[in-house]
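Engineer: here is the input, now give the coordinates:
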Amino acid sequence: MQAGERVLVAAGGAGGPGNAAVCRSKQRTLEAVNVGGATPSYETVELQLRLLADVGVVGFPNAGKSTLVSTISHANPKVACYPFTTLTPSVGTVPICRNAIATDAFTIADIPGIVVGSSNSCGLGSNFLRHIELTKVLLYLIDIAKIISQGDDDPVQTFLALREELSKYNPALLERPSVVFLNKIDVRPVACASNIERMRNVVPPSIPVFAGSCQTGVGIPTLLHTLYHHVNSCTRGSLNRTAG
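Structural biologist: Predicted coordinates for the structure are as follows:
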């Protein structure tokens, strides 16, 4: 269905003659007069949302997804320093400005955090992976300010684990237009520089990689224009397929 389209799911029943028929009848009882109308039809319909947002933010808990979405849009997802603060997708509209004037926009969804095993309903379950299917472009958000020698998770392995979970759930998601944003470069600059270089060696060449900070805004403008370009490319491709 398209926006504004109307579909008849079940036909209503025809009305009966009502109580007036009883008054006109010689037999003034409901039992003696047929006052019923035609029986309506009954249907069970399952509706599935086809598109949640243009861009879906994918990442492990506490990667900075909610901070990013609240910074670049008017959405107000919950932001806290503990995992799983986002329990339902939060969708915001991101304005694209030229010369300080908003000329266009795209929508972005803060997807609840993925964990290893999400494709098998571990963590908060695979329902969150289903939300990712309803977006055109994937934005992998990685916390790059990790020091492996201090027991932190390896950012490179985090990215690979995210890709693996998506592949297990739906291999086609790996073919979806994607962008990688390495977040929190302002936290540990030395560790970030090393991790960024390692990350560029494992991310597929077709996926742009950017580094910056959702907190300070470094790198965000370039990221947004790249996402906007990807969204437009997907939209044009969809229109061409429809026209064909």
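
Engineer: and the helix or strand containing Leu139, which strands flank it?
Structural biologist: For Leu139, the host element (DSSP states H and E) is strand 135-143. The pairing partners recorded for strand 135-143 under DSSP bridges are strand 53-58 (parallel), strand 178-183 (parallel).

Engineer: most packed of these?
Structural biologist: strand 53-58 (a mean of 26; mean count of other CB atoms under 10 Å). (Each C-beta comes from the backbone N, C-alpha and C, glycine too.)

Engineer: which residues are in contact with it?
Structural biologist: With CB atoms under 8 Å, 6 or more residues apart in numbering as the contact definition, strand 53-58 has outside contacts at 65, 68-69, 89, 91, 94, 106-111, 114, 131-132, 134-141, 162, 166, 227, 230-231, 234.

Engineer: any low-confidence regions in the protein?
Structural biologist: Segments of the chain classed as low confidence (criterion: pLDDT under 70) are 1-3, 16-37, 48-51, 75-88, 99-102, 113, 115-128, 148-151, 237-244.

Engineer: the closest residue in space to Val45 that isn't next to it in sequence: what secondary structure?
Structural biologist: The shortest distance from Val45 to any residue other than its chain neighbours is 5.5 Å, reached at Val9 (CB to CB, 6 or more residues apart in numbering). Judged by DSSP: H, G, I helix; E, B strand; the rest coil, the three-state class of Val9 is coil.

Engineer: what's the spacing between Val9 and Ala38?
Structural biologist: To Ala38, Val9 is 17 Å away according to CB to CB, to the nearest Å.

Engineer: got it, and Pro177?
Structural biologist: Distance from Pro177 to Ala38, by CB to CB: 52 Å.

Engineer: can you list contacts of the host helix or strand of Asn232?
Structural biologist: Using DSSP H and E, Asn232 sits in helix 220-243. Residues outside helix 220-243 that contact it (CB under 8 Å, 6+ apart) are 54-55, 68, 71-72, 94, 96, 104, 106, 108, 136-137, 139, 177, 179, 181, 208, 210, 212, 214.

Engineer: pull out the buried residues from the residues you listed.
Structural biologist: Using 16 or more other CB atoms under 10 Å as the burial test, those include 54-55, 68, 71-72, 94, 96, 106, 108, 136-137, 139, 177, 179, 181, 208, 210, 212, 214 as buried.

Engineer: between the helix or strand Gln157 falls within and strand 53-58, how big is the angle?
Structural biologist: Gln157 is located in helix 155-169, with elements delineated by DSSP H and E. With axes from the mean of the first three to the mean of the last three CA atoms, to 10 degrees applied, the angle from helix 155-169 to strand 53-58 works out at 120 degrees.

Engineer: what about the helices in this protein?
Structural biologist: For the chain, the helices defined by DSSP state H occupy 20-24, 65-72, 127-132, 155-169, 189-200, 220-243.

Engineer: run through the neighbouring helices and strands of the second one.
Structural biologist: In terms of contacts (3 or more CB pairs under 8 Å, 6 or more residues apart in numbering; DSSP states H and E), helix 65-72 is packed against strand 53-58, strand 90-98, strand 101-110, helix 220-243.

Engineer: mean neighbour count, the ones you listed: which tops it?
Structural biologist: Among the helices and strands packed on helix 65-72, strand 53-58 has the highest mean neighbour count (mean count of other CB under 10 Å), at a mean of 26.

Engineer: my read is that Leu134 contacts Ile111, right?
Structural biologist: No: if you go by CB atoms under 8 Å, Leu134 and Ile111 don't touch, sitting 9.7 Å apart.

Engineer: so between the two, which is more surrounded?
Structural biologist: Ile111 (28 against 16; other CB atoms under 10 Å).

Engineer: ok, that one touching Ala63?
Structural biologist: No: in this structure, Ile111 is not within contact of Ala63 by CB under 8 Å, at 10.8 Å.

Engineer: residues that sit against both of these two, list them.
Structural biologist: With contacts defined as CB under 8 Å, 6+ apart, no residue is shared by Ile111 and Ala63.
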